[in-house]
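Student: Okay, here's the prediction I keep looking at, along with the sequence it came from:
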Amino acid sequence: MPRKSKKNIDSDLKKQEALKKSGEIPTHIAIIMDGNGRWARMRGLPRVAGHREGVESVRDIVEACGQLGVKYLTLYAFSTENWRRPQDEVSMLMRLLMKALRDEADKLNKNNVCLKAIGDITKLPNPVQNELLDAIVKTQNNTGLNLLLALSYSGRWDITQAVKKIYYDCRSGNLDIDSINEDIITKYLSTQGIPDPDLLIRTSGEFRVSNFLLWQLAYTEIYISKLNWPDFRRDELYKAIADYQKRERRFGMISNQIKQKKN
């Protein structure tokens with residue numbers, strides 16, 4: 001990514017300050033990063049070029065979220081269904097992931113970002129698991145942005161593994177079946193201790209959640225960007241947040257109740 005001039009940095013800071021003054025910054029943003037392949041195809045490039053450029057978007061969005069004070073950013077990096085892709089593309093994605101982790105770990109640490117991962121991590125190749133664990137350990141004491149990578153993840157997998165854990169705890173006597181409610185189920189998900197997303201962003205103009213955080217997205221605001229992920233940079237993120245700030249989140253209540261609750 002080219003180095004920014006002082007003029008561009010100052011302009012960006014003004015945009016961030018305006019966003020902070022205009023409304024609430026989401027505590028948790030989740031992103032379905034879609035369109036890498038389409039971005040490459042439109043330019044007559046191999047798919048790997050789209051994935052590489054997508055890494056640049058990740059870098060920019062992570063940095064911008066940290067600067068805005070976002071507490072949690074969850075990126076749908078590799079779904080359970082992505083294992084069905086051609087083997088050569090899967091292998092390329094694993095190599096790209098490993099390189100990105102190796103290249104970015106020090107920068108994440110320097111910027112006080114705490115890296116976490118959700119998903120069936122055991123399905124990842126051992127070298128990728130090792131690189132991921134190294135980056136997680138290196139950044140585990142940081143107190144800024146929590147960056148969650150959803151790897152070998154799907155919402156149905158998440159709920160299924162939660163059901164299994166609940167079953168085993170009930171069978172062993174560690175959990176009373178009559179005590180099971182939404183709060184209990186939430187504690188068994190891979191996002192335990194993490195607030196549900198306030199804002200879900202999906203790129204490439206697709207209108208679906210693609211098996212992502214199915215339980216956690218119950219009351220999440222959704223923003224669809226027509227841009228493919230490699231073209232999605234901080235200015236588009238600011239548009240998504242500005243759109244989010246205009247919404248009234250009622251959580252099943254009516255407007256008057258929300259106003260009374262705030263007062």
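Tutor: Structure received.

Student: From here on, just use CA atoms for contacts and neighbour counts.
Tutor: Noted.

Student: Assign the residue most central in space within the chain to helix, strand or coil.
Tutor: What sits nearest the mean C-alpha location of the chain, by CA atoms, centre = their mean, is Thr74, with 1.8 Å. Classification of Thr74 by DSSP: H, G, I helix; E, B strand; the rest coil places it in strand.

Student: any idea what sits nearest Leu227, other than its immediate chain neighbours?
Tutor: Counting by CA to CA, 6 or more residues apart in numbering, Ser204 is the residue found nearest to Leu227 once chain neighbours are left out, at 5.0 Å.

Student: Check Gln129 too.
Tutor: Ile121 (7.0 Å).

Student: ok, now which ones touch that neighbour?
Tutor: 129, 151-152 (CA atoms under 8 Å, 6 or more residues apart in numbering).

Student: Can I have the buried ones of those residues as a PyMOL selection?
Tutor: A single PyMOL command selects the buried members of the contacts of Ile121 (16 or more other CA atoms under 10 Å):
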select buried, resi 151+152
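
Student: Among the contacts of Ile121, which are located in strands?
Tutor: With strands taken from DSSP state E, the overlap with the contacts of Ile121 comprises 151-152.

Student: which among the contacts of Ile121 gets closest to Glu81?
Tutor: Closest approach to Glu81 among those (CA to CA): Ser152, at 8.0 Å.

Student: contacting residues for that closest one?
Tutor: Per CA under 8 Å, 6+ apart, neighbours of Ser152: 78-83, 119-121, 123-124.

Student: For Gln129, see how far away it is.
Tutor: For Ser152, the distance to Gln129 equals 12 Å [CA to CA, to the nearest Å].

Student: cool, Lys164 as well?
Tutor: Noted for Lys164: a distance of 24 Å to Gln129, by CA to CA.

Student: CA atoms only for the helix ranked longest in the chain, dumped as CSV, please.
Tutor: The single longest helix within the chain, with elements called by DSSP state H, is helix 87-110. Coordinates of the C-alpha atoms in helix 87-110 are reproduced here as CSV (Å, rounded to 0.1, in the frame of the first residue of the first chain):
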residue,chain,number,x,y,z
GLN,A,87,-7.4,-27.8,-4.3
ASP,A,88,-4.8,-25.5,-6.0
GLU,A,89,-6.8,-22.4,-4.9
VAL,A,90,-7.2,-23.7,-1.3
SER,A,91,-3.4,-24.4,-1.1
MET,A,92,-2.8,-20.9,-2.5
LEU,A,93,-5.1,-19.3,0.1
MET,A,94,-3.4,-21.2,2.9
ARG,A,95,0.1,-20.0,1.7
LEU,A,96,-1.2,-16.4,1.4
LEU,A,97,-2.7,-16.6,4.9
MET,A,98,0.5,-18.0,6.4
LYS,A,99,2.5,-15.2,4.7
ALA,A,100,0.1,-12.5,5.9
LEU,A,101,0.3,-13.8,9.5
ARG,A,102,4.0,-13.8,9.4
ASP,A,103,4.3,-10.4,7.7
GLU,A,104,1.7,-8.6,9.9
ALA,A,105,2.1,-10.1,13.4
ASP,A,106,4.8,-7.5,14.4
LYS,A,107,2.7,-4.6,13.0
LEU,A,108,-0.4,-5.8,14.8
ASN,A,109,1.6,-6.0,18.0
LYS,A,110,3.0,-2.6,17.5
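
Student: Right, I'll call it a day here.
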